[in-house]
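[1] I'd like to go over a predicted model; first the sequence, then the structure.
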Amino acid sequence: MGSGALDEYRSRSAVLEVDAFSTDALREQPLAPDTVRALRYMAGVESYTLFYLRSLLATRAAHEPEVASFLAGWLYEETGHGLAIAALLAANGTPITAAARPESWRERLTAAGAGWVSWLRRDFAAVHMLWGAINELTAVTAYRRLARRSGHPLVAELCGRLARDEARHFTFYFEQARRRLAARRTQRLAQGLVRRFWAPVGSGVLPEPEVRFLASYLFSGDEGRAAAQKIDETIRTLPGLAALPLLEHWLGRETPAGIPSGFAQPVT
């Protein structure tokens, strides 16, 4: 993304205002348990932004003015997303009550490893940009799927706005990845690391039953699988990644057909 495109991104960047969601409207049409569970997962994913930022700041990419400028706006907007989701859940009478989670050994190791490798391989930033593109496109799709599955006008409105922000984030990462993946050596590095380590955001951080629930709730059935396939096809248009196994492969491995869609637990 050139300086002109980045200026355009900045001009369109505005953190979501935390809505005063109508408790009366939610009393008349409360959020379904599955919707609450999915939104809580999304809020947890948005909080994961700080870990991803910490990992990226340890690399060469963070020293590039273009990337640093983007990250400032990106963090601002992602924080707003989490606050907006929390506001909707609070108005519904199902607030997020989980305590702050300590950083795991995996997060500490990943952040340290990414920083170390990035100084050995000048092209390692391509991996971060690719990783960001995959995760942001998955987020766009997940919010759109949640808007559709929830059948609730307030969820549809909020998720539509979240998806628009995530789509802009995806465009930045995707174009950065396209430019940085020009060399075959870099393509091999990126493909190898994604094959070995990539999983949807929240895997290994949020409880495994919640990861499996969300995958089944949003990506099961013909529409869900088609949405996952579209994510994979888009990422595979990047240089050297035509055969990269992504979300469809992960879903086939982690969410067997026997897992029912939307197996809700009581919402407290």
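    Received, thanks. As the structure is a computational prediction, the values presented were derived from the model and not from experiment.

[2] Relative to F172, how far out is G132?
    8 Å (Cβ to Cβ, to the nearest Å). (Glycine included, C-beta is placed from N, CA and C.)

[3] Kindly report the same for G192.
    Noted for G192: a distance of 24 Å to F172, by Cβ to Cβ.

[4] Of these two, which one has the most company?
    Per other Cβ atoms under 10 Å, whichever of G192 and F172 has more neighbours is F172, with 23 against 11.

[5] Was I right to think that one contacts F70?
    Yes. When contacts are counted by Cβ atoms under 8 Å, F172 is listed as touching F70 (5.4 Å).

[6] following the helix or strand encompassing E223, which helix or strand shows up next?
    Counting by DSSP states H and E, the element that carries E223 is helix 221-235. Proceeding N to C from helix 221-235, the next assigned helix or strand is helix 247-254, under DSSP H and E.

[7] which secondary structure element contains R178?
    Taking DSSP H and E as the criterion, the element that holds R178 is helix 153-180.

[8] cool, and A87?
    Assigning secondary structure by DSSP H and E places A87 in helix 65-91.

[9] what pLDDT, on average, does that helix get?
    In this model, helix 65-91 has a mean pLDDT of 88.

[10] buried ones in the host helix or strand of L189?
    Using DSSP H and E, L189 sits in helix 184-197. Using 16 or more other Cβ atoms under 10 Å as the burial criterion, the residues of helix 184-197 that qualify are T186, Q187, L189, A190, Q191, L193, V194.

[11] what residues does it touch?
    Contacts with helix 184-197, where a contact means Cβ atoms under 8 Å, 6 or more residues apart in numbering, come from 121, 123-124, 126-127, 130-131, 134, 177, 180-181, 239-241, 244-246.

[12] Please state the offset of that helix from the chain centre?
    Its chain's average C-alpha position is 20 Å from that of helix 184-197, according to Cα atoms, centre = their mean, to the nearest Å.

[13] Next: stretch 152-161.
    Computed by Cα atoms, centre = their mean, the separation of stretch 152-161 from the middle of its chain amounts to 17 Å.

[14] Please enumerate residues in contact with it?
    With Cβ under 8 Å, 6+ apart, stretch 152-161 has contacts from 16, 19, 21, 25-26, 29, 31-32, 35, 39, 84-85, 88, 143-144, 146-148, 150.

[15] Among the residues you listed, name the buried ones.
    16, 21, 26, 31-32, 35, 39, 84-85, 88, 143-144, 146-147, 150.

[16] Tell me the helices and strands packed up against the helix or strand in which A142 is found.
    Secondary structure assigned from DSSP H and E places A142 in helix 125-150. Here helix 125-150 touches helix 33-47, helix 49-57, helix 105-120, helix 153-180, helix 184-197, helix 208-219, helix 221-235, going by 3 or more Cβ pairs under 8 Å, 6 or more residues apart in numbering; DSSP states H and E.

[17] Just give me how far it sits from the chain centre.
    Shown here is helix 125-150, whose average C-alpha point lies 5 Å from the average C-alpha point of the whole chain (Cα atoms, centre = their mean).

[18] Same check on stretch 57-71?
    19 Å.

[19] Next, the distance between the ends of that stretch.
    Stretch 57-71 has an end-to-end distance of 9 Å (criterion: Cα to Cα, to the nearest Å).

[20] how many neighbours does L206 have?
    21.

[21] Please shift the residue numbers so they start at 739 in all later answers.
    Okay, residue one is now 739; in that scheme the one you just asked about reads as L944.

[22] Name the SS class of it, please.
    Assigned with DSSP: H, G, I helix; E, B strand; the rest coil, L944 falls in the coil class.

[23] Next, find the distance separating it from A920.
    According to Cβ to Cβ, L944 stands 35 Å off from A920.

[24] go on, S807?
    For S807, the distance to A920 (Cβ to Cβ) stands at 22 Å.

[25] swap in F910?
    Between F910 and A920 the computed distance is 18 Å (Cβ to Cβ).

[26] so where's the stretch 889-1006 of the chain uncertain?
    Low-confidence regions of the stretch 889-1006 of the chain, defined by pLDDT under 70, span residues 993-1006.
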